[in-house]
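> using only what follows, build the 3D model:
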Amino acid sequence: MKRIEDTLAGALKYAYRLLAKRDRSLKELREKLLEKGFSTASAEEAVRRLEDEGYLNDRKTAEAFKRYALNNKHLGRFGIKAFLVKMGIGEDLADELSGQDGEYIETAKLLAENKLKMLKKCDGDTKRRRIYGLLARRGFDSETIGNIIKSLV
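Purely as a prediction, here's the structure:
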């Protein structure tokens with residue numbers, strides 16, 4: 001196994017390589033450096049320096065993660081908040097960026113319409129139950145789900 005050199009230069013080199021692949025939150029990068037075997041001091045200093053140089057910005061990273069979660073994963077407000085927290089974004093910032101439920105109505109409607117196409121042979125109760133389950137698992141609130149179901153089923 002290749003032995004790492006526990007220096008600031010080594011930590012920065014590894015951090016640059018991680019950041020070349022995708023954006024990372026401060027917490028996530030710090031954890032990756034510690035997992036790799038760098039000392040706490042080296043990891044903290046590398047993260048601080050990268051933040052000062054503009055390579056790390058939790059708000060910018062969180063906004064990119066939110067776009068990904070909305071456009072690719074089709075998550076609702078609660079789903080996006082959970083995804084952001086999982087990716088190392090702070091609870092307060094995740095809550096702020098997850099926005100209002102009204103922003104996600106089109107996404108919920110699109111998901112429900114697509115699911116409804118697959119449920120042609122099912123009765124009304126089964127359709128409602130399955131659409132509700134799908135949207136709830138994706139992090140949509142019950143009011144939005146109820147409105148979507150009323151309009152489609």
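> now do the SS call for D6.
Secondary structure, DSSP: H, G, I helix; E, B strand; the rest coil: D6 is coil.
> domains in the protein, as residue ranges please.
According to automatic domain parsing, the chain comprises the domains 8-52, 58-99, 103-152.
> dump those to a markdown table, plus mean pLDDT and mean neighbour count.
Using the backbone N, CA and C atoms, a C-beta is placed for each residue, glycine as well. Converted to a markdown table, those look like this (pLDDT from 0 to 100; neighbours: other C-beta atoms under 10 Å):
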| stretch | mean pLDDT | mean neighbour count |
| --- | --- | --- |
| domain 8-52 | 94 | 17 |
| domain 58-99 | 94 | 18 |
| domain 103-152 | 93 | 15 |
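> hey, where'd the strands end up in this protein?
Taking DSSP state E, the chain contains no strands at all.
> okay, which residue is most central for it?
F83 (3.2 Å; C-alpha atoms, centre = their mean).
> tell me the contacts of that residue?
Contact analysis of F83 by C-beta atoms under 8 Å, 6 or more residues apart in numbering lists 65, 69, 73, 75.
> if we use 7 Å, what do you get?
Contacts for F83 (C-beta atoms under 7 Å, 6 or more residues apart in numbering) come out as 65, 69, 75.
> measure it to R138 for me?
Per C-beta to C-beta, to the nearest Å, F83 is found 10 Å from R138.
> overlap of the contact sets of those two?
Common neighbours of F83 and R138, counting by C-beta under 7 Å, 6+ apart, are L75.
> want to throw the contacts of F83 into JSON lines with distance to Y132?
Shown next, in JSON lines, are those (distance: C-beta to C-beta, whole Å):
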{"residue": "F65", "distance to Y132": "26"}
{"residue": "A69", "distance to Y132": "21"}
{"residue": "L75", "distance to Y132": "16"}
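> just the residues you listed: which are in helices?
Using DSSP state H, the subset of those located in helices is 65, 69.
> among the contacts of F83, which one sits closest to A20?
Checking the contacts of F83 against A20 with C-beta to C-beta, the nearest one is F65 at 17.5 Å.
> tell me if I'm right that the closest one and G88 touch.
No: using C-beta atoms under 7 Å, F65 makes no contact with G88, being 9.4 Å away.
> not counting sequence-adjacent ones, nearest residue to G139?
Among residues not flanking G139 along the chain, G79 sits closest, at 2.2 Å (C-beta to C-beta, 6 or more residues apart in numbering).
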